[in-house]
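Asks: Got a predicted structure here, sequence first:
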Amino acid sequence: MDERAALDNRASEKSGVRANGLPQLNGGVTGNQGQLPLASRLSELSRLVPPPEIAELWVFPPLADVQDSGEFFLFTRYLDDESRRVYSSRLLPANGTPAQQVVVEHGTVPAERVPRLVGRLQHRVGQLDSPRHVVIDGEAGRWEALLAEAHD
């Protein structure tokens, strides 16, 4: 995260809404929701980040060598200057309680560098299979189609 974003986030912690527009929920934790199915996690994500702000989403499969691993999301949000803000969302265990979905902001990159970032992440986590890439392009209909498919 760049220095300005970090300062904005610290300054807005008391308001309950971070400067980047994401709600401040228990340090980014969306609540105790158990092992959520993909459709539920996507629905929760759309509650936190309005689909018209989402440019692209990648769904990484669960890690084969990590017990109780779930899908890992990487998504980007539009910024005014054609760059993208990059976020991840994953389930984390919480001290013996059911897992919680956590959204983390990672910083800002030029739009043309996002595919390379995704490739590097795929390599780093040792995924042989490519993540599922969904272009939302800020269109609610594309998000709804993704949710409908996830419910099937």
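Replies: Here it is on my side, so go on.
Asks: A strand includes Leu128, no?
Replies: No: per DSSP: H, G, I helix; E, B strand; the rest coil, Leu128 lies outside any strand segment and is coil.
Asks: Let me see the contact set for it.
Replies: Listed by C-beta atoms under 8 Å, 6 or more residues apart in numbering, Leu128 has no contact partners. Just so you know, the C-beta spots here come from the backbone N, C-alpha and C atoms, and that holds for glycine as well.
Asks: Between the two ends of stretch 39-56, what distance do you get?
Replies: From its first residue to its last, stretch 39-56 covers 17 Å (C-alpha to C-alpha, to the nearest Å).
Asks: no wait, stretch 115-132
Replies: End-to-end distance (C-alpha to C-alpha), stretch 115-132: 12 Å.
Asks: what does stretch 86-101 give?
Replies: 17 Å.
Asks: avg pLDDT for that stretch?
Replies: Mean pLDDT, stretch 86-101: 77.
Asks: So what's the residue count around Arg116?
Replies: For Arg116, the neighbour count with other C-beta atoms under 10 Å is 10.
Asks: Contact partners for the nearest residue to Gln127 once chain neighbours are set aside?
Replies: Leaving aside its sequence neighbours, Gln127 sits nearest to Phe60 (C-beta to C-beta, 6 or more residues apart in numbering; 6.2 Å). When contacts are counted by C-beta under 8 Å, 6+ apart, Phe60 touches Glu71, Phe72, Phe73, Leu74, Leu121, Gln122, Val125, Gln127, Pro131.
Asks: Partner strands of the strand or helix carrying the third one and their direction?
Replies: Just to be clear, that refers to Phe73. If you go by DSSP states H and E, Phe73 is part of strand 72-78. Applying DSSP bridges, strand 72-78 is found paired with strand 54-60 (antiparallel), strand 83-94 (antiparallel).
Asks: Could you give me the ChimeraX selection string for whichever of the contacts of Phe60 are buried?
Replies: Buried residues within the contacts of Phe60, by 16 or more other C-beta atoms under 10 Å, are selected in ChimeraX with:
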select :71,72,73,74,121,122,127,131
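Asks: which of the contacts of Phe60 lies closest to Ala39?
Replies: Closest to Ala39 out of the contacts of Phe60 is Glu71 (11.0 Å), distances taken as C-beta to C-beta.
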